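Chemist: Fold the following and give me the result.
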Amino acid sequence: MCTVILHVPEAPGAPVQVLAIRDEDPHRTWLPLGRSWPDTHPDVVGVRDARAGGAWLAADEATRRLAVLLNRADVTTRPQSEILSRGGVVLDSAEGTSPAADPRTHGFNLVEVTPMSARVITWDGEALRTTDLGPGTHMIAHDDVDDPRTARIARWLPEFQAVPLPAGGQWWMPWLEVLARSTSLAADDDRTIIRDNRPFGYPTLSLLVCAASVSPGGVDLHYAELDEPGVWNPLTLA
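Modeler: Numbers count the residues shown, from 1 in each chain. The predicted model follows:
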């Protein structure tokens with residue numbers, strides 16, 4: 001039940017700006033942002049899932065592409081023994097290969113960002129569909145883009161949209177301020193963004209935040225972990 005906020009600029013060549021919050025079981029180990037695939041994906045920088053070996057978020061310096069994956073419910077009838085890890089989808093996407101046909105994974109929303117475009121590829125276990133994102137600020141979690149059925153989107157998207165972002169420097173700070181305000185809600189309130197999903201039947205809590213700026217000049221990535229899963233504290237993204 002991760003959350004991604006992104007701003008697609010009006011002007012060609014201006015950076016696409018992304019803030020991604022990861023929710024995961026804190027007992028499922030991960031490697032922080034870095035070059036964690038030196039033998040197989042040497043140009044990729046990302047957050048590696050230590051158990052399955054794939055990525056939650058990844059960017060490739062050569063392709064100037066960023067990919068972030070959010071879990072989504074599916075209707076697949078494929079046996080679990082035939083299901084592949086979704087983390088491989090992220091690595092492929094960062095290197096330039098988007099999912100096609102039957103990904104053989106559980107459902108996902110895959111955010112793909114290049115210097116020229118941003119889109120979300122959705123897989124529900126039966127069909128793939130693509131949503132191209134026009135200029136403006138968007139938000140996605142486990143349903144559709146800007147989906148009012150998602151409580152946190154209905155509550156907070158207007159506030160993210162109302163915040164002007166600088167083009168450089170620590171451009172993500174105004175969005176972190178909105179994120180901090182969102183924690184006035186309890187961590188198990190379905191409208192909150194920094195989350196404790198255990199009351200909803202999932203063993204996941206918000207763990208970390210990444211900010212990314214994607215432009216013709218490359219992908220600029222920053223990372224910080226929460227001191228305690230599911231509990232907000234002021235963050236310094238490095």
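Chemist: Tell me where the chain has strands.
Modeler: 3-8, 16-24, 30-34, 44-49, 55-60, 65-71, 108-114, 117-123, 128-132, 136-140, 205-215, 218-225 (DSSP state E).
Chemist: Out of those strands, indicate the one that is most buried.
Modeler: Highest mean neighbour count among the strands of the chain (mean count of other Cβ atoms under 10 Å): strand 55-60, with a mean of 27. Yep, even glycine has a C-beta here, placed from its N, CA and C like the rest.
Chemist: Which strands and helices lie in contact with that one?
Modeler: Judged by 3 or more Cβ pairs under 8 Å, 6 or more residues apart in numbering; DSSP states H and E, the packing partners of strand 55-60 are strand 16-24, strand 44-49, strand 65-71, helix 87-94, strand 205-215, strand 218-225.
Chemist: Report the contact partners of the nearest residue to Gly218 once chain neighbours are set aside.
Modeler: In space, Gly218 comes closest to Arg64 once its chain neighbours are excluded; the distance is 5.8 Å by Cβ to Cβ, 6 or more residues apart in numbering. Shown in contact with Arg64 (Cβ atoms under 8 Å, 6 or more residues apart in numbering): 114-115, 214-216, 218-219.
Chemist: Same question for Leu33.
Modeler: Each residue near Leu33 by Cβ under 8 Å, 6+ apart is listed here: 45-47, 57, 210, 221-223.
Chemist: Show me which of those residues is closest to Leu31.
Modeler: Taking Cβ to Cβ as the measure, Leu31 lies nearest Val47 of the contacts of Leu33, at 7.0 Å.
Chemist: That closest one and Leu31 touch, don't they?
Modeler: Yes: Val47 lies in contact with Leu31 (Cβ atoms under 8 Å); the separation is 7.0 Å.
Chemist: wait, which of the contacts of Leu33 is closest to Gly168?
Modeler: Taking these together and measuring to Gly168 by Cβ to Cβ, the closest member is His222, at 12.7 Å.
Chemist: Go ahead and confirm that closest one touches Thr236.
Modeler: No: the criterion here is Cβ under 8 Å, and His222 misses it with Thr236 at 9.2 Å.
Chemist: about what we covered before: Glu10 is nearest to which of the helices and strands packed on strand 55-60?
Modeler: Among the helices and strands packed on strand 55-60, strand 16-24 sits nearest to Glu10 (Cβ to Cβ), with 11.5 Å.
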